[in-house]
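# could you look at this predicted model? Sequence included:
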Amino acid sequence: MSQDMHERGMATRRKVLGDAHVDRAEAAKTDFDTPFQHMITEAAWGHVWSRPGLTMRERSMLTIALLAALGHEEELAMHVRATARTGASPEDIREALLHVAIYAGVPAANSAIRIARETLARMDPAGPAEEKTP
């Protein structure tokens with residue numbers, strides 16, 4: 001593992017997921033999963049998320065769509081929460097999930113929409129902007 005790539009990955013991971021999340025994950029590491037944590041920090045965060053070419057917002061939307069299509073609900077909720085730092089809006093999430101419905105199936109999108117709604121509501125107890133009453 002390249003120390004430089006790991007450091008870059010850790011910086012990007014903190015930028016997207018927040019210090020509190022990363023600190024909890026780091027504190028929870030065990031001897032068993034430390035190699036996995038190092039690998040995803042370098043590969044996902046250091047190589048993919050740190051690349052030029054797409055904005056954090058665009059990467060966030062792609063990640064949400066892929067996680068929804070694959071049914072990875074826990075990771076989906078985590079990346080919906082991360083939109084507070086990536087700049088992807090609730091409308092962006094909705095648009096990504098509409099693509100999931102067409103290209104990956106309505107059941108996958110239906111579950112993802114439920115998870116996104118619940119997660120967004122926890123992030124903003126008043127709910128998404130279009131559901132707020134004056």
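Happy to help now that I have it. None of the values given here were measured: they were computed from a predicted structure.
# the strands in this protein, which residues?
Assigned by DSSP state E, the chain shows no strands.
# tell me how it divides into domains.
1-51, 54-127 (automatic domain parsing).
# spatially central residue for the protein, please.
For the chain, the residue whose C-alpha lies nearest the mean C-alpha position (Cα atoms, centre = their mean) is His79; its distance is 1.9 Å.
# so what's that residue up against?
Under the criterion of Cβ atoms under 8 Å, 6 or more residues apart in numbering, the neighbours of His79 are Ser60, Thr63, Ile64, Leu67. The C-beta positions use only the backbone N, C-alpha and C, and glycine is treated the same way.
# winner for burial among the domains of the chain?
For the domains of the chain, ranked by mean neighbour count under the definition mean count of other Cβ atoms under 10 Å, the leader is domain 54-127 at a mean of 17.
# what mean pLDDT would you report for that domain?
Along domain 54-127, the predicted confidence averages to a pLDDT of 95.
# what sits against Glu74?
With contact taken as Cβ under 8 Å, 6+ apart, Glu74 is in contact with no other residue.
# now Val106
By Cβ under 8 Å, 6+ apart, the contact set of Val106 is empty.
# likewise for Leu70?
Taking Cβ under 8 Å, 6+ apart as the criterion, Leu70 is in contact with Ala108.
# and Val16, how close does it get to Arg59?
Taking Cβ to Cβ, to the nearest Å as the measure, Val16 and Arg59 are separated by 8 Å.
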